[in-house]
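S.K.: no sequence on this one, just coordinates:
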């Protein structure tokens, strides 16, 4: 079993969790301010930073030390903030102020239960200048090219950005600290900038509860629902649309509707909408579009924000004669034919259904539809979903038939298996509730007239079920983060 470097002798440097985060913030602000100042000087005077100045452009490092104090090893049912062996654990940190709540949630149990020591210092991992310089128009006006800046300032290096820890490929040789978190600062910053690019809104707006869909009609309904919530008493504070358009509580319906109508969401590949609640406890809905590539792309980046869960709510083809258009499918297994994750998470690796999520989705369906018992079973079918990379799989049904039959699948789509696999791989609780929009094997194919009639009646109820499930999961948060997602060499942080 790999061992980290021997713990350092006890010192007075050990910090409380709150003081450690304060120190992380101070070091991060000092580094980014020095980098921004040096960039300004270069844009104005073309004066490049000296080696001494450049040495300040580094992320802060967080270190946790767990010593053998001859005490019983703590036992806990918690799925995070756990130290599995004695030694030193480290990670670099970006935006510690934004992640303060998350960091406190991880560090406090480590100190209280394991008597862990915390140290904070500057690392030698440089902060790439694009993660600090967001004034691209100023760069363009100055006549300075990105290639020129790259000669004088740190730039992103793909060799330093990866998922080796999450994928169990990290080097855990003797003498090296254990990883403290799944993602280091460079990996987090890379994804934060990608989120802005794809979703069209500031990454800070993403809420801790995430819905993913593959049809824009769910977005239209989400906006209508959100605007109604903002006119009623409740915890919701604002709705943020792509392009960082903000609709605040207290605006008149006319003002809110005008802002919503002005949103040019089509400029962004996977537009995101955020119904904001205090402390990030609201709901974000992302239209990921069609296909497993998009599904992997956006979840790769959402994962660095450590959401409490993501749920897929979209459409599927029903495969059983007993199903009707508008019925729901609650996935308890996935036949993964998406191909995109085969090298990272081979398709023979089973994806467990998370009981907490499954129960919440079923309870939400019962509440919203008003159906119970046999009536609910008639509308909500639980079973295996085929996630296929080929949208026109029907054209080769002769080859697909046996595999579908052997799997006992009840529905087919293009994203759900990928989203579940990403949740399993990146330790984010996941679930899928789809709505049957056509039955390709039984002559009920998706044609414009029939599809429009279905959309008008089904989308609103389906979205309401997704939102109701999130509400239930909030009240059951303690059991949500399942130990089913932990690996043998799991970092302490969730």
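M.R.: In hand now; what should we look at? Keep in mind the model is a prediction, meaning the values are calculated, not measured. Residues are numbered from 1 along each chain as shown.
S.K.: helices of this protein, start to end?
M.R.: Counting by DSSP state H, the chain has helices at residues 17-45, 51-54, 100-114, 136-142, 146-150, 185-199, 216-230, 253-262, 292-302, 355-369, 373-379, 397-407, 416-426, 448-475.
S.K.: below-threshold pLDDT in the stretch 301-450 of the chain: ranges please.
M.R.: Where the stretch 301-450 of the chain drops to pLDDT under 70, the residues are 441-450.
S.K.: now with 80, please.
M.R.: Applying pLDDT under 80 to the stretch 301-450 of the chain picks out residues 394-396, 398, 440-450.
S.K.: do the stretch 101-250 of the chain as well
M.R.: 133-143, 171-175.
S.K.: next, count neighbours for the residue nearest to residue 36 when sequence neighbours are not counted.
M.R.: Take residue 36 and drop its neighbours on the chain: the residue closest to it by Cβ to Cβ, 6 or more residues apart in numbering is residue 132, 5.6 Å away. Placement of C-beta: from N, CA and C, glycine included. By other Cβ atoms under 10 Å, the residues close to residue 132 number 20.
S.K.: same deal with the one 10 residues further on?
M.R.: By the criterion of other Cβ under 10 Å, residue 142 has 14 neighbours.
S.K.: buried residues, stretch 33-45. List them.
M.R.: For stretch 33-45, the neighbour count (16 or more other Cβ atoms under 10 Å) marks 34-36, 38-39, 42-43 as buried.
S.K.: just to revisit the earlier point, tell me the spacing between the residue nearest to residue 36 and residue 29.
M.R.: In this structure, residue 132 and residue 29 are 11 Å apart, going by Cβ to Cβ, to the nearest Å.
S.K.: then residue 282?
M.R.: Per Cβ to Cβ, residue 282 is found 27 Å from residue 29.
S.K.: the two - which one has more neighbours?
M.R.: Remark: of residue 282 and residue 29, residue 282 carries more neighbours, 24 against 13, as counted by other Cβ under 10 Å.
S.K.: now do the contacts for that one.
M.R.: 207-209, 235-237, 274-276 (Cβ atoms under 8 Å, 6 or more residues apart in numbering).
S.K.: closest to residue 222 out of those?
M.R.: The shortest approach to residue 222 among the contacts of residue 282 belongs to residue 275, at 7.6 Å (Cβ to Cβ).
S.K.: picking up where we left off before, and the helices of the chain, which is most packed in?
M.R.: helix 416-426 (a mean of 26; mean count of other Cβ atoms under 10 Å).
S.K.: other SSEs contacting it?
M.R.: With contacts defined as 3 or more Cβ pairs under 8 Å, 6 or more residues apart in numbering; DSSP states H and E, helix 416-426 has these neighbours: helix 292-302, strand 309-318, strand 328-337, strand 380-388, strand 430-438.
S.K.: quickly run through the sheet partners of the second one, with directions.
M.R.: If I follow you right, that is strand 309-318. Applying DSSP bridges to the sheet, strand 309-318 is found paired with strand 209-213 (parallel), strand 409-413 (antiparallel), strand 430-438 (parallel).
S.K.: so it versus strand 328-337, what angle?
M.R.: 90 degrees (axes from the mean of the first three to the mean of the last three Cα atoms, to 10 degrees).
S.K.: okay, how far is it across stretch 334-352, tip to tip?
M.R.: 9 Å (Cα to Cα, to the nearest Å).
S.K.: so which bits of that stretch are buried?
M.R.: For stretch 334-352, by 16+ other Cβ under 10 Å, it's 334-338, 340-341, 344-345, 347, 351.
S.K.: export those to a markdown table and tack on distance to residue 78?
M.R.: Listed next are those as a markdown table, based on distance: Cβ to Cβ, whole Å:
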| residue | distance to residue 78 |
| --- | --- |
| 334 | 27 |
| 335 | 32 |
| 336 | 30 |
| 337 | 35 |
| 338 | 32 |
| 340 | 32 |
| 341 | 28 |
| 344 | 27 |
| 345 | 25 |
| 347 | 31 |
| 351 | 22 |
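S.K.: farthest-apart pair in those, please.
M.R.: 335 and 344 (17.8 Å).
S.K.: residue 494 is nearest to which of the helices of the chain?
M.R.: Closest among the helices of the chain, using Cβ to Cβ: helix 100-114, at 6.5 Å.
S.K.: return the list of helices and strands in contact with that closest one.
M.R.: helix 17-45, strand 58-66, strand 117-126.
S.K.: now render the strands paired with strand 309-318 as CSV, adding distance to residue 393 and mean neighbour count.
M.R.: Shown next, in CSV, are these (distance: least, Cβ to Cβ, whole Å; neighbours: other Cβ atoms under 10 Å):
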stretch, distance to residue 393, mean neighbour count
strand 209-213, 21, 26
strand 409-413, 7, 25
strand 430-438, 13, 25
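S.K.: take those and lay them out in a markdown table including distance to residue 470.
M.R.: Putting the strands paired with strand 309-318 into a markdown table (distance: least, Cβ to Cβ, whole Å) gives the following:
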| stretch | distance to residue 470 |
| --- | --- |
| strand 209-213 | 5 |
| strand 409-413 | 21 |
| strand 430-438 | 10 |
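S.K.: mind checking those strands for the one nearest to residue 370?
M.R.: In terms of Cβ to Cβ, the element of those nearest to residue 370 is strand 430-438, at 16.6 Å.
S.K.: strand 380-388 and the closest one, what's the angle between them?
M.R.: Angle of strand 430-438 versus strand 380-388, following the same axes, to 10 degrees, is 90 degrees.
S.K.: closest to residue 144 out of the strands paired with strand 309-318?
M.R.: strand 209-213 (37.4 Å).
S.K.: need the contact partners of the closest one.
M.R.: 218-219, 222, 281-288, 295, 298-299, 302, 307-314, 415, 419, 463, 466-467, 470, 473-474.
S.K.: go with 7 Å
M.R.: Residues outside strand 209-213 that contact it (Cβ atoms under 7 Å, 6 or more residues apart in numbering) are 282-288, 302, 307-314, 419, 466, 470.
S.K.: repeat for stretch 85-94
M.R.: Under Cβ under 7 Å, 6+ apart, the answer for stretch 85-94 is 3-5, 7, 24, 28, 59-68, 123, 125, 177-181, 184-185, 188-189, 492.
S.K.: just the buried ones out of these, please.
M.R.: 4, 24, 28, 59-67, 123, 125, 177-181, 184-185, 188-189, 492.
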